[in-house]
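> sequence below, structure please.
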Amino acid sequence: MFNVVGLNEFAGMANGNLHCWLCQKAVSTRALFCHHCGTIQPLRDIDHFARLGLERRIDIDMELLEHQYAALSRTLNPQRFMIRGMGERSHAAKQLEALNESYEVLREPLRRGRYWLSLNEKEFKKATDTHPFVKELRHELDTAAEPCQCDRVAQKAGQALQEGIMGLMQALRGQKWQEANAALIELDGLEAILGDVRSRRTKLTPEHDNKGGISGVE
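Next up, the predicted model:
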């Protein structure tokens, strides 16, 4: 059974440095609502994990993430603030927008990996050289003369992507920051190739095949 973050929990412990914009009573940094007057609070600068009421760790319980997101989305549903003032409606909209961003970052392994590096203040210069395997696949795709060759590239890239994500998570768990950054660079290249496969395949597919509904790479 999930321990859903509710309104009282998101009121949290008061922070002497922050005050409710309406009643001026002390509120916590991660409070959605003032626990004195119940007014929704302005958007605060907190991390994505805290915004979703999750423990800060690289491995996420995806079912819990979905559950927390659904619960908080209902809490911030714009319909609940229709009869409130402009200030509250504006705060609610910004809180919901930030919640959506936090959810999208944490649910995607690559985005979560980059975010984890930034949380640990590990920033690396962008690579100037393409990863050898990515470079090989890119050449294979660019020189493909038949749709089936594009499909083979997609298959190779997809498999490498899955293996790369596992390697990325392992490196991040072990705080091997340089290794994790190298994995991210390779994964970025693989994602770019997968994104280009469909357009390349379309160019190589005869017009009558497209009209006939022959499926390509999704």
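> do you know how far Glu97 is from His48?
13 Å (C-beta to C-beta, to the nearest Å). Yep, even glycine has a C-beta here, placed from its N, CA and C like the rest.
> higher neighbour count, the two?
Taking other C-beta atoms under 10 Å, Glu97 and His48 do not tie; His48 has more neighbours (21 against 12).
> grab the nearest non-local neighbour of that one.
Residue nearest to His48 in three dimensions, not counting chain neighbours: Ser102, with 3.7 Å by C-beta to C-beta, 6 or more residues apart in numbering.
> any idea which element the one you found lies in?
Following DSSP states H and E, one finds Ser102 within helix 86-107.
> quick one: average pLDDT of whatever helix or strand comes next after that helix?
Past helix 86-107, further along toward the C-terminus, the next helix or strand under DSSP H and E is helix 109-119. The average pLDDT within helix 109-119 is 93.
> buried ones in helix 109-119, by neighbour count?
If you call a residue buried by 16 or more other C-beta atoms under 10 Å, then helix 109-119 has these buried ones: 109-110, 112-117.
> domains for the chain, by residue range?
For the chain, automatic domain parsing gives the domain ranges 7-107, 132-212.
> adding distance to Glu123, write the ones you listed out as CSV.
As requested, those are exported to CSV (distance: least, C-beta to C-beta, whole Å):
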stretch, distance to Glu123
domain 7-107, 16
domain 132-212, 9
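> centroid residue for the protein?
Nearest residue to the geometric centre of the chain (C-alpha atoms, centre = their mean): Val105, 1.6 Å.
> which non-adjacent residue is nearest that one?
Arg111 (4.7 Å).
> what does Leu204 give?
Spatial nearest neighbour of Leu204, chain neighbours left out: Pro147 (5.1 Å); criterion: C-beta to C-beta, 6+ apart.
> I'd like the distance between that neighbour and Asn77.
In this view, Pro147 and Asn77 are 45 Å apart by C-beta to C-beta.
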